[in-house]
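Colleague: just the structure for this:
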Amino acid sequence: LTMALEKMPALGGIVHLYDIDHREYVITCAGGDGGESLLLTRSAENDPILSLAMRRRRSLVFADAQASAEVRATPRYTTLGGAKSLVVAPVALGGRFLGAIELLNPIDDVPFTDDDGHALSHIAEQLASFVGSRGIFLDRDQPNAAGRSAGTR
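Modeller: Sure, this is the predicted structure:
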């Protein structure tokens, strides 16, 4: 998320990983005002924005996010101050969905474009490769082998 926000400066960002056991997306990293409160919150597998990105297998760009009823009704965006412009990229490896990356509201107030979607897709591909080789660990209270907890990186 830090790299994505450095390359495409935005007021907020979210990284979701897919918990296959519960068929939910879990927010493992969130940036922006209010982001900390989103850590480890879950979204249903059929979340309208995330499931659309997964079905299309490519990034989604909502240049005018307020025009989308689904975006306006999504609590995680409200927590980050509301989405004016939004880009969502699926994180997938070999056809297996691993999560998603979302960026909200470019700091220059210029809406996200398809080029931004392609850039975020590239970052999502790198995350997919990393997660594919390392696995997913979601228990915040139980440190992993490296001594870190989910949601704290």
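
Colleague: now A44: closest residue in space that isn't a chain neighbour?
Modeller: E24 (6.1 Å; C-beta to C-beta, 6 or more residues apart in numbering). C-beta here means a position set from N, CA and C on the backbone, and glycine is covered the same way.

Colleague: do a quick rundown of the strands in the chain.
Modeller: Secondary structure of the chain, counting by DSSP state E: strands at 10-19, 24-31, 42-44, 60-62, 86-93, 96-106.

Colleague: per-residue pLDDT, the most centrally placed residue in the chain?
Modeller: Central residue of the chain (C-alpha atoms, centre = their mean): I101, 2.6 Å from the mean position. At I101, the model reports a pLDDT of 97.

Colleague: that one pairs with what?
Modeller: For I101, the beta-bridge partners are V15, A89 (DSSP bridges).

Colleague: that one against V15, yeah?
Modeller: Yes. The pair I101 and V15 qualifies as a contact (C-beta atoms under 8 Å) at a distance of 5.5 Å.

Colleague: any idea how far A63 lies from D115?
Modeller: Plainly put, A63 is 12 Å away from D115 if you go by C-beta to C-beta, to the nearest Å.

Colleague: so between the two, which is more surrounded?
Modeller: More crowded of A63 and D115, by other C-beta atoms under 10 Å: A63, with 15 against 10.

Colleague: mind showing which ranges of the chain have poor pLDDT?
Modeller: By pLDDT under 70, the weakly predicted segments of the chain are 136-153.
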